[in-house]
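[1] This is a predicted model, with the sequence first.
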Amino acid sequence: MSVVVIVGTQWGDEGKGKITDYYAERSDHIVRFQGGNNAGHTIELEEEKFKLHLLPSGILRNDKKAVIGNGTVVDPKVLLEEINNLEKRGVDTSNLVLSDRAALIMPYHRAMDELEENLKGNLKAGTTKKGIGPCYSDKVARFGIRVIDLYNPGSLRDKLETIVPIKNKIFEAFGEDKSWDVERLHQKYTDYGKKLKDYVDDVSVLLDNAIDNDEDILFEGAQGTHLDIDHGVYPYTTSSHTTAAGASLGSGIGPINIDSVIGIMKAYTSRVGTGPFPAELEDEIADYIREKGGEYGTTTGRPRRVGWLDLVMVRYSSRVNSLTELAVTNVDVLSGLDEIKVCTGYRHEGKKIKEFPADIERIYDYEPVYETFQGWEEQDWDTIAEKGYSALPENVKEYLEYIEESIEVPITHISIGPKRHQTIAR
Ligand code: GDP
Ligand code: IMO
Ligand code: MG
């Protein structure tokens, strides 16, 4: 039995989907525990490519349970579309389980996300506008609607009758021509409930039984550590706990059940959305990495900001997640560069700084301090994938071993391409 948590160590899009798919082969349950369809996890099989948003990556392996935990926010419209799209492509989704306690994204959450972003000025995070923040806000304010409410029509109606007029007043106050009708929402959401009914279960009980039966559980983090609502670059974060402890909260298993935490780290850094990014590149090297790595958002299509690897960020991630191992992705993307830099710390007013400050605005004044490495040529990555770690170019190994020593966490997997077979276990 093993309980493994996969988390992003940077700002998301580290390749969590790819590595989750890799580990899923050895797991019985693959569990999303936070976030919603703001996530975009790409999985490339040999012939086919899938982009998953809300569905756990385990959905592609029909002999595993793909579980959506209570800590997520679920847009039922999007979930049904995602299920239908996969079914049309021949993927059997009967292995899906949806927590009865998950929070539901309502249409007014999507509209509120848009409105708030427009009102926030410099504080806007550049959200995915999927209604994530407003849905979590309502959940915490005890103003939310959960999956289980879809199966109690009276209670759903009572809740909507209280909540909807308040939402409508807010939109009216901001001059927005939007209003929701209780009856229509009730009809729509009970209809979603009927379509989702077979998937709904108590996830905490399911996973507890799995642990008793010595089954393997894999938690699939979404977003990244530096987007965590508490530990990220607040307020330029998402609204959930993206860090490892979120797996326990967001699924209903106790924290001592977790055996290991794998941090996924891109060999460089990428970021969608606003906020500070100390090691950001805005030159031709950035364009090179962006084009070679296909660094465009899976969910919104926005070009991702890119920069050198920032070890301050990853060390921070190691601390707040209790990382037991690292998987480094996109190593192939850096090939062809003469030199590769790694940010090892920052300098400000003559002082060396080794930690991210709580006052995130201060980062804009920090100057990154870099260590420079020799680059490597483009390789036959498929042959290297077959031969293993020793076949990697010496400069790659030097780069990886420096990172490992600096973070003090072993690198156990190296990803050298988007496809399923392009992962080296060390
Ligand atoms: P996630 O959100 O963390 O699952 O990551 P995304 O799927 O949003 O973004 C990662 C992108 O990199 C996807 O297009 C993956 O197919 C791709 N990818 C993952 N690992 C590798 C790798 O080692 N090399 C290359 N070239 N692409 C990779
Ligand atoms: P995956 O799982 C990268 C970013 C948004 C924005 C901020 C808040 O694919 O790694 P939100 O819509 O969550 O309220 O937006 O978080 N963001 C992501 N960036 N990858 C993601 O997910 C992200 N999910 C949200 O760009 O800056
Ligand atoms: Mg992504």
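    Looks like it came in fine. Just so we're clear, the structure is a prediction, and the values are computed from it rather than from any experiment. Ligands and ions are numbered 1, 2, ... in the order given.
[2] Count the neighbours of residue 54 for me.
    As a burial measure, residue 54 scores 27 neighbours (other Cβ atoms under 10 Å). C-beta coordinates here come from the backbone N, C-alpha and C atoms, glycine included.
[3] got the CA coordinates for the longest strand seen in the chain in CSV?
    Secondary structure of the chain read by DSSP state E shows that its longest strand is strand 339-348. Only the C-alpha atoms of strand 339-348 are listed here, as CSV (Å, rounded to 0.1, in the frame of the first residue of the first chain):
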residue,chain,number,x,y,z
GLU,A,339,24.4,28.5,-21.4
ILE,A,340,21.8,27.7,-18.9
LYS,A,341,21.3,29.7,-15.7
VAL,A,342,19.9,28.8,-12.4
CYS,A,343,18.8,31.4,-9.8
THR,A,344,20.3,30.5,-6.5
GLY,A,345,19.2,33.5,-4.5
TYR,A,346,18.5,37.3,-4.7
ARG,A,347,20.5,40.4,-3.8
HIS,A,348,19.0,43.5,-2.4
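[4] Could you list the buried residues of it?
    For strand 339-348, a neighbour-count test (16 or more other Cβ atoms under 10 Å) marks 340-346 as buried.
[5] For it, name the packing helices and strands.
    Other helices and strands packing on strand 339-348, by 3 or more Cβ pairs under 8 Å, 6 or more residues apart in numbering; DSSP states H and E, are strand 309-310, helix 311-321, strand 351-353, strand 367-374, helix 394-407.
[6] domain assignment for this structure?
    3-95+202-425, 103-198 (automatic domain parsing).
[7] distance between the last one and the chain's centre?
    When C-alpha coordinates are averaged (Cα atoms, centre = their mean, to the nearest Å), domain 103-198 and its chain have centres 22 Å apart.
[8] re the thing from before, list the neighbouring strands of the longest strand of the chain plus their orientation.
    Partner strands for strand 339-348, per DSSP bridges, with pairing direction: strand 309-310 (parallel), strand 351-353 (antiparallel), strand 367-374 (antiparallel).
[9] wait, which of those is closest to ligand 3?
    strand 309-310 (17.8 Å; Cβ to the ion).
[10] before we move on, back to that, give me the contacts around the longest strand of the chain.
    With contact meaning Cβ atoms under 8 Å, 6 or more residues apart in numbering, strand 339-348 is reached by 278-279, 307-312, 334, 352-354, 362-363, 365-375, 399, 402-403, 406.
[11] Buried ones from those, can you make that a PyMOL selection?
    A single PyMOL command selects the buried members of the contacts of strand 339-348 (16+ other Cβ under 10 Å):
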select buried, resi 278+279+307+308+309+310+311+312+334+353+363+366+368+369+370+371+373+375+399+403
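[12] thinking again about what came up before, rounded mean pLDDT for the longest strand of the chain, please.
    The average pLDDT within strand 339-348 is 97.
[13] same thing with stretch 210-226?
    Mean predicted lDDT for stretch 210-226 stands at 98.
[14] Make residue 1 into 738 and carry on from there
    Sure, I'll start counting at 738 from here, so that last one is stretch 947-963.
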